[in-house]
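**Q** Got a sequence here, can you build the structure:
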Amino acid sequence: MNHGKLLIAGEWIEAAATEPVLDKFSGTEVARLGVADEAQTAAAVRAARAAFAAGPLHPYRRYEILTEAAGLLKARKDEIVEALLAETGFTLSDAQNDFGRAMQTIAQSAEEAKRIVGE
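**A** The predicted structure is shown next:
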């Protein structure tokens, strides 16, 4: 896994820098992750403020987004489990269980999103 990109305002951009993700036991690099600089951070904050100002999403739209996210994660299960193994030192069984719990949490959150309409 080597991701030197950031998602800002709906666009993937090259990160200003990257940082290593290290294996918990050997200390070897297993991945690199993007790190934003000050300008990229400011752009992300502006995008978040604009999204907030646009108003809340319809509850069913929140459900759709979370359901799509679950599908994307499920499609990358093997890659995610491998990352968990490398980063945490979990056993394969523990990493698979952790992934399964994450999927259950997203599914439950998606269902609840349909019912949460604000105060």
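
**Q** tell me the SS of the nearest residue to residue 88 once chain neighbours are set aside?
**A** Closest residue to residue 88 apart from its sequence neighbours, by C-beta to C-beta, 6 or more residues apart in numbering: residue 24 at 6.1 Å. Glycine gets a C-beta too; all of them are placed from N, C-alpha and C. Under DSSP: H, G, I helix; E, B strand; the rest coil, residue 24 falls in the coil class.

**Q** from memory residue 24 sits against residue 90, does it?
**A** No. The pair residue 24 / residue 90 is not scored as a contact, 9.3 Å apart, by C-beta atoms under 8 Å.

**Q** Which one of the two is surrounded by more residues?
**A** residue 90 (16 against 12; other C-beta atoms under 10 Å).

**Q** Backbone dihedrals for the more buried one, please?
**A** Per-residue torsions, residue 90: phi -60, psi 160 (degrees, to the nearest 10).

**Q** again with residue 35
**A** Dihedral angles (degrees, to the nearest 10) for residue 35: phi -130, psi 130.

**Q** Relative to the whole chain's centre, how far out is the helix or strand in which residue 97 is found?
**A** Using DSSP states H and E, residue 97 sits within helix 92-113. Relative to its chain's centre, helix 92-113 lies at 13 Å (C-alpha atoms, centre = their mean, to the nearest Å).

**Q** Then stretch 5-21?
**A** 13 Å.

**Q** Kindly report the same for stretch 105-119.
**A** Mean-position distance between stretch 105-119 and its chain equals 18 Å (C-alpha atoms, centre = their mean).

**Q** Use 593 as the first number from now on
**A** New numbering, starting at 593: the last item is stretch 697-711.

**Q** Go through that stretch and flag the buried ones.
**A** 698, 701, 702, 705 (16 or more other C-beta atoms under 10 Å).

**Q** Please render those as CSV that adds pLDDT and distance to residue 660 to the earlier fields.
**A** Formatted as CSV, the buried residues of stretch 697-711 follow (pLDDT from 0 to 100; distance: C-beta to C-beta, whole Å):
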residue, pLDDT, distance to residue 660
698, 97, 10
701, 96, 13
702, 95, 9
705, 92, 12
